[in-house]
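Asks: coords below, sequence missing:
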């Protein structure tokens, strides 16, 4: 068992009175992560949210409400909260290595010495490696509260005027059956409070720094989520990183010897690499039966290397596919936001689903029999260099089209 990991934080304000508040989510969200949002506004009532989000609950202190919403990342995660007309503030988190969320709320409607005291919360199942979030929402401006004892990473958002509401939250990783945070300091007025527990994955593996997997056949595996908070170096033949749920690597993944593998299996899961993915020896594999997300460059540089996904495959930087028979493929949507260099015979970039195959910059398809194809729409927003016999750009389907801007057909 390992503690859930906060991978990103954000927040925002609606500094004019309104019944709707668009929420700013952390950047770099990864499919399968948990999104948690705390939002405060002046007024009472039950708020509503964009479809797909769940309301954990709302607490009203006679002045200000503090609500908690949560959602598992799917790719359609935008959130707008509807509430009583007011200025509002919010905080948002993205978290990996979780199995569930629960919480208890309280109000200190009379203010006083315990105005900022979050309630005791006892999740089900006894002591575990919980991530605890203690939050306070109050009317007006609270510029510099102190976090409960032992808590860290205090986040704060204040509206610009006293007619608004402020939101503050701090974090604690603690193995315990229950948690009763000490009070936030610096407040003596009405406040709404939450103590939230993020439950860890039972049996999940976790690496909180770099993972160096350097002798064959080394293996790192998990029956749940496998979070690696640093770089993953998989550098000897037949090394493996695997999980039956999700693999989350928050830095680079170097997969540099033949037959190395990085795999995640499940129905809605994903390996997630927030840094560069270097797949540099013959027959290396990065695959997922759910979504595969690479937020840095993907270097696929030896014959027979593959990057595949049974759902969406997203590479947000350059994809270098430079040896014969390399493959970047998705049975749903394939998105490459940098240059796609497909430079050896038999290389393929393909999407076999009903949504588009998209390359947001140049596509260099420069060896015989290279292919870029889609069962829906193929869109290249930069140059397409197609310079050898039998190279193809192809889209099929009833509404299919190949769309190219600034295209050069060289061969």
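Replies: Yep, it's here. The structure presented is a predicted model; accordingly, all values stated were derived computationally and were not measured.

Asks: And the strands in the stretch 51-200 of the chain?
Replies: 54-60, 64-72, 80-96, 98-108, 128-139, 152-158, 165-176, 191-200 (DSSP state E, counting those that start in this stretch).

Asks: Direction included, what does the fourth one pair up with?
Replies: If I follow you right, that is strand 98-108. Partners of strand 98-108 in the sheet, by DSSP bridges, are strand 191-200 (antiparallel).

Asks: Compute the inter-axis angle for the partner strand and strand 64-72.
Replies: 20 degrees (axes from the mean of the first three to the mean of the last three CA atoms, to 10 degrees).

Asks: tell me the mean pLDDT over strand 191-200?
Replies: When pLDDT is averaged along strand 191-200, the result is 96.

Asks: one step back: right, and the strands of the stretch 51-200 of the chain - which one's nearest residue 184?
Replies: With CB to CB as the criterion, residue 184 lies closest to strand 128-139 of these, at 5.1 Å. (C-beta placed from N, C-alpha, C; glycine too.)

Asks: Partner strands of the closest one, with direction?
Replies: Strand 128-139 is paired, per DSSP bridges, with strand 165-176 (antiparallel), strand 191-200 (antiparallel).

Asks: pLDDT averaged over stretch 135-155 - what is it?
Replies: 88.

Asks: Give the buried residues for it.
Replies: Under the neighbour-count criterion of 16 or more other CB atoms under 10 Å, stretch 135-155 has 135-140, 142, 145-148, 151, 154-155 buried.

Asks: follow-up on the earlier one: now render the strands paired with strand 128-139 as CSV, adding mean neighbour count and distance to residue 69.
Replies: CSV is the format used below for the strands paired with strand 128-139 (neighbours: other CB atoms under 10 Å; distance: least, CB to CB, whole Å):
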stretch, mean neighbour count, distance to residue 69
strand 165-176, 22, 13
strand 191-200, 26, 11
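
Asks: As CSV, the ones you listed with distance to residue 11 would be great.
Replies: Conversion of the strands paired with strand 128-139 to CSV gives the following (distance: least, CB to CB, whole Å):
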stretch, distance to residue 11
strand 165-176, 7
strand 191-200, 15
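
Asks: closest one to residue 85 among the ones you listed?
Replies: Using CB to CB, those put strand 165-176 closest to residue 85, at 12.3 Å.

Asks: Now do the domain split for this protein, please.
Replies: 5-200, 211-409 (automatic domain parsing).

Asks: Could you tell me the least trusted of the ones you listed?
Replies: domain 211-409 (a mean of 59).

Asks: and of the strands paired with strand 128-139, who's closest to residue 52?
Replies: Among the strands paired with strand 128-139, if distance is taken as CB to CB, the winner is strand 191-200, at 19.0 Å.

Asks: between the closest one and strand 54-60, what angle do the directions make?
Replies: Going by the same axes, to 10 degrees, strand 191-200 makes 150 degrees with strand 54-60.

Asks: let's number from 652 now, not from 1
Replies: All right, first residue 652 from here; so that's strand 842-851.

Asks: Strand 842-851 vs strand 731-747, what angle?
Replies: Using the same axes, to 10 degrees, strand 842-851 lies at 40 degrees relative to strand 731-747.
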